[in-house]
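A.B. asks: Dropping a prediction and its sequence here:
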Amino acid sequence: MATTRTQVGIIGGGPAGLMLSHLLHLQGIDSVVLESRTRVEVEGTIRAGVLEQNTVDLMVDTGLGDRLKREGLEHHGIELRFGGRGHRIAFDELTDGRAVTVYPQHEVLKDLIERRLADGGDIRFGVSEARVHGHESDTPSITFVDSDGNEQKLDCALVAGCDGSRTETRKLIPESTVRTDHFRQYPFAWFGILAEAPPSSDELIYANHERGFALISTRTPDVQRHYLQVDPNDSVDNWSDDRIWDELHQRVDGEGAEIKDGKIFQKSILQFRSFVCEPMQHGNLFLAGDAAHTVPPTGAKGMNLAIADVFVLSKAMDHFFVNSDRKLLEAYTATVLPRIWRTQHFSWWMSSMLHRLPDESGFGHRRQLAELDMVTRSVAGRTLIAENYVGTPLIF
Ligand code: PHB
């Protein structure tokens, strides 16, 4: 079995794993990334699309900003729509000029992969059967089968579990004796479409409507991303293109807004859940991103939270290798959890303020409208949304 030695073995080549590898490299630390999908699959899977100001700043500061600055669409506000009217949350005025940038996750991944390979980075695509051994010892290793079917071994000092929500690495933190999982399922889901159409609006629209929530988003000037609240058991087959556009018009059109139809080329249903596992580490294994937590998509936080985790983890690993001191590594979970729970709260709050609950009485909907009215009328309320939407600064 061929053996490679590296300082950090990273399982998962999504935003968390690749950004961790990039940040470690800039600190002079060697890593190997193991990814089960092919490069084409990683670069072609359409996921989230909104980058917080912190994520943009980190990408620019670490040499990943060229295409992002050219092709990303900077947004200085969002619209909350209810009672048939739009209410703008002006990020630039409320957060001292901070903004978000619409730049799809798979474009971030393309930039990261290209940069890692240009820097001599080691990313193994198409690997299978990745298993971690000895993570409770000082000499962990990972065995795996490479894309040619050969068994391989990676000896390392630290292991990062960045293998997404279907994680295997999380299971290595013993449940109940060490690990507690906090989980919440929501009684609704999102039906997402991608359409060849002109933008319907300059900014994202989050609409609360009696028929259910709708979100108007974008990907590029020619491709739009929209979502409709649906039942979690609904199926894509129940939705013809006409029915989708009709529903979007009903939920969003009104004073100052009119959806522009187009050719729908992708339809999918996204389930809503919140999840956090505590702690996010065990011995020399450290989890980051969706392997450790999931947020509902309403605040567009998933990828940003993964990047915030590995920002902290990269500093803690650097401190360990430079000073032979585990202090920051041991503090990793406690350092990142407050941001994770704040983000859980924000995503839950936005979700609960904007969606129609299936068994909701007239009282429930009127209470929601009153909350939206209170929040959007008050500078303090709008600032709370704006600060959390653009993201609070990264700390470590
Ligand atoms: C998206 O464009 O996919 C998107 C935008 C905003 C959200 C969630 C998803 O809150």
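C.D. replies: Received it, and whenever you're ready, just let me know what you need.
A.B. asks: Could you use CA atoms for every contact and neighbour count after this?
C.D. replies: Fine.
A.B. asks: so who does Gly12 touch?
C.D. replies: Leu18, Val33, Leu34, Glu35, Ser36, Gly161, Cys162, Asp163, Gly164 (Cα atoms under 8 Å, 6 or more residues apart in numbering).
A.B. asks: again, only using 10 Å
C.D. replies: Residues near Gly12 by Cα atoms under 10 Å, 6 or more residues apart in numbering: 18, 33-37, 123-125, 130, 160-164, 167, 169, 291.
A.B. asks: what's the host helix or strand of Asn304 packed up against?
C.D. replies: Assigned by DSSP states H and E, Asn304 falls within helix 302-323. With contacts taken as 3 or more Cα pairs under 10 Å, 6 or more residues apart in numbering; DSSP states H and E, helix 302-323 sits against helix 15-26, strand 50-51, helix 53-61, strand 158-161, strand 285-287, strand 293-294, helix 327-330, helix 332-354.
A.B. asks: list the buried ones in the longest one?
C.D. replies: To tie it back to what came earlier, the one meant is helix 332-354. 332-333, 335-337, 339-340, 343-344, 346-348, 350-351, 353-354 (16 or more other Cα atoms under 10 Å).
A.B. asks: Filter the contacts of Gly12 down to the buried ones.
C.D. replies: 18, 33-37, 123-125, 130, 160-164, 167, 169, 291.
A.B. asks: near the ligand, which residues of the stretch 251-396 of the chain show up?
C.D. replies: The stretch 251-396 of the chain has residues Pro297, Thr298, Gly299, Ala300 near the ligand, with proximity defined as Cα under 6 Å from any ligand atom.
A.B. asks: The first one and Val178, how far apart?
C.D. replies: Right, the one you point to is Pro297. 28 Å (Cα to Cα, to the nearest Å).
A.B. asks: Kindly export stretch 296-316 (C-alpha atoms) in CSV.
C.D. replies: Below are the C-alpha coordinates for stretch 296-316, written out as CSV (Å, rounded to 0.1, in the frame of the first residue of the first chain):
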residue,chain,number,x,y,z
PRO,A,296,-32.0,26.1,6.8
PRO,A,297,-31.4,28.0,3.6
THR,A,298,-33.4,31.1,4.5
GLY,A,299,-30.4,33.2,5.6
ALA,A,300,-28.0,31.9,2.9
LYS,A,301,-25.5,31.0,5.6
GLY,A,302,-24.4,27.4,5.0
MET,A,303,-21.2,27.9,3.0
ASN,A,304,-20.3,31.1,4.9
LEU,A,305,-20.5,29.2,8.1
ALA,A,306,-18.2,26.5,6.7
ILE,A,307,-15.7,29.1,5.7
ALA,A,308,-15.9,30.8,9.2
ASP,A,309,-15.1,27.4,10.8
VAL,A,310,-12.0,26.7,8.8
PHE,A,311,-10.7,30.2,9.3
VAL,A,312,-10.6,29.5,13.0
LEU,A,313,-9.4,25.9,12.5
SER,A,314,-6.5,27.0,10.2
LYS,A,315,-5.2,29.4,12.9
ALA,A,316,-5.5,26.8,15.6
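A.B. asks: Give me the pLDDT for Phe396.
C.D. replies: Per-residue confidence (pLDDT) for Phe396: 57.
A.B. asks: same question, Ser176
C.D. replies: pLDDT for Ser176: 85.
A.B. asks: again with Pro393
C.D. replies: pLDDT, Pro393: 89.
A.B. asks: again with Arg356
C.D. replies: At Arg356, pLDDT is 94.
A.B. asks: Can you tell me the number of residues neighbouring the residue lying closest to it once chain neighbours are set aside?
C.D. replies: Distances taken as Cα to Cα, 6 or more residues apart in numbering put Gly212 closest to Arg356, at 5.0 Å, once the chain neighbours are dropped. Applying other Cα atoms under 10 Å, we find 19 other residues in the vicinity of Gly212.
A.B. asks: I'm done for today, thanks for sticking with me.
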